[in-house]
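Participant: I would like to see how this sequence folds:
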Amino acid sequence: LEITTSDKIVRGDNLIYDLNETKWTPSWLYWIFVANANKEGFNQADIQPERWTITIRDFIRFFDACMATDSWTTLAREKGEENITMHDVSGEFIKPWSCGTGRSISLLFDPNPGKVELMISHSWSGSARETVNAVKTLITMHSLPEDTR
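Facilitator: Next up, the predicted model:
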């Protein structure tokens, strides 16, 4: 199923293709971004760095969205899913999905972020899937609340 409007194509797998930006974005993510990107006077420079945070829930939602795309499937076929790195995630998803908004992915999820509560680091050259699985393990093994930033 495809629905076409003057500037968007919506596929049955809940991806939206923006003809102006020539990219596919998961529809639920697209509408979050549209709602937050259109807020006046709001950009990365307006937010203190200690509030450049994302909840664990939104971190996982972001990766679930990435993994649901054709781009992820193509990368997995070419490299093997465990070999998709954070460099790949940045180039294929973060930069295209946030380009031109003046905001990071975290601020597109939440325009009023709270202060950082927990610092989680990752390897840029390591497996993105392994990073997500490690975060999910923190939730289950250590009862880490999903709204932790």
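Participant: and the closest residue to Ser98 other than its chain neighbours, how many neighbours?
Facilitator: In this structure, Ser98 finds its nearest non-sequential neighbour in Ile105, 5.5 Å apart by C-beta to C-beta, 6 or more residues apart in numbering. C-beta: built from backbone N, CA, C; applies to glycine. For Ile105, the tally of surrounding residues (other C-beta atoms under 10 Å) stands at 21.
Participant: isn't Ile105 right up against Ser90?
Facilitator: No - under the criterion of C-beta atoms under 8 Å, Ile105 lies out of contact with Ser90, with a separation of 9.9 Å.
Participant: hmm, Ser123 is touching His87, no?
Facilitator: No - look at Ser123 against His87 with C-beta under 8 Å: they stay out of range, at 10.0 Å.
Participant: list the buried ones in the one helix or strand Arg77 maps to?
Facilitator: Taking DSSP states H and E as the criterion, Arg77 maps to helix 70-79. Across helix 70-79, burial judged by 16 or more other C-beta atoms under 10 Å covers 71-72, 75.
Participant: distance from the chain centre to the helix or strand just after that helix, please.
Facilitator: Downstream of helix 70-79, the first helix or strand assigned by DSSP H and E is helix 86-89. With C-alpha atoms, centre = their mean, to the nearest Å as the basis, helix 86-89 stands 12 Å off its chain's centre.
Participant: okay, how far is it across stretch 104-123, tip to tip?
Facilitator: In stretch 104-123, first residue to last residue: 19 Å (C-alpha to C-alpha, to the nearest Å).
Participant: identify each buried residue in that stretch, please.
Facilitator: Neighbour counts over stretch 104-123 (16+ other C-beta under 10 Å) mark 104-111, 113, 122 as buried.
Participant: ok, now how distant is the residue lying closest to Arg149 once chain neighbours are set aside from Met67?
Facilitator: With C-beta to C-beta, 6+ apart as the measure, Thr53 is the residue that lies nearest to Arg149, at 3.8 Å, once sequence neighbours are left out. Distance from Thr53 to Met67, counting by C-beta to C-beta, to the nearest Å: 22 Å.
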